[in-house]
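Chemist: using only what follows, build the 3D model:
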Amino acid sequence: MDRIASTAAQPQAQPDPKRAQLAKAAEAFEAVFLRQMIGSMRQAKLGDDILGGSASDQFRDMADAKLADNMAEKGSFGIAELLLKQFDAAGTKK
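Modeler: Take a look at the predicted model:
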């Protein structure tokens with residue numbers, strides 16, 4: 001019980017707003033990259049599409065976009081993390 005009270009009393013450090021904005025942009029870039037990658041994989045068409053049609057293509061595109069957004073949010077590929085490391089290294093050289 002004392003441990004909970006002591007951690008609640010400690011002030012939390014405020015995150016750097018520019019860093020948070022950069023992290024958000026890096027995550028958005030990762031999502032766009034993953035959407036493009038998934039779209040390219042879909043274009044390979046390794047088999048016949050049984051339910052082919054414009055409606056199913058549109059639904060598939062929306063599902064792929066959501067999948068890419070979720071993957072980027074979880075950091076599945078780590079692209080955003082690598083971008084942040086690169087920008088941090090570039091910022092310390094100045």
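
Chemist: rest of the way, CA atoms for contacts and neighbours
Modeler: Will do.

Chemist: so the residue nearest the centre of the chain is in which element?
Modeler: Taking Cα atoms, centre = their mean, the centroid of the chain lies closest to A72, which sits 2.0 Å from it. For A72, the element it lies in under DSSP states H and E is helix 54-74.

Chemist: grab the nearest non-local neighbour of the residue nearest to the centre of the chain.
Modeler: In space, and not counting its chain neighbours, A72 is closest to A31: 5.1 Å by Cα to Cα, 6 or more residues apart in numbering.

Chemist: what do you get for D61?
Modeler: What sits nearest to D61 in space, not counting adjacent residues and going by Cα to Cα, 6+ apart, is G39, at 7.8 Å.

Chemist: do F77 as well
Modeler: M71 (7.5 Å).

Chemist: any idea how far E30 is from that neighbour?
Modeler: Distance of M71 to E30, given as Cα to Cα, to the nearest Å: 9 Å.

Chemist: which of these two has more neighbours?
Modeler: Neighbour tally, M71 and E30, criterion other Cα atoms under 10 Å: the higher count belongs to E30, 25 against 18.

Chemist: ok, now which ones touch that one?
Modeler: Shown in contact with E30 (Cα atoms under 8 Å, 6 or more residues apart in numbering): 72, 79-80.

Chemist: just name the closest of the residues you listed to A23, please.
Modeler: A80 (7.1 Å; Cα to Cα).

Chemist: picking up where we left off before, so what pLDDT did the residue nearest to F77 get?
Modeler: In this prediction, M71 carries a pLDDT score of 93.

Chemist: next, count neighbours for the residue nearest to D69 when sequence neighbours are not counted.
Modeler: Excluding the flanking residues, the one nearest D69 by Cα to Cα, 6+ apart is A31, at 5.1 Å. Per other Cα under 10 Å, the neighbour tally for A31 reads 24.

Chemist: residues touching A31, list them.
Modeler: A31 touches 68-69, 71-73, counting by Cα under 8 Å, 6+ apart.
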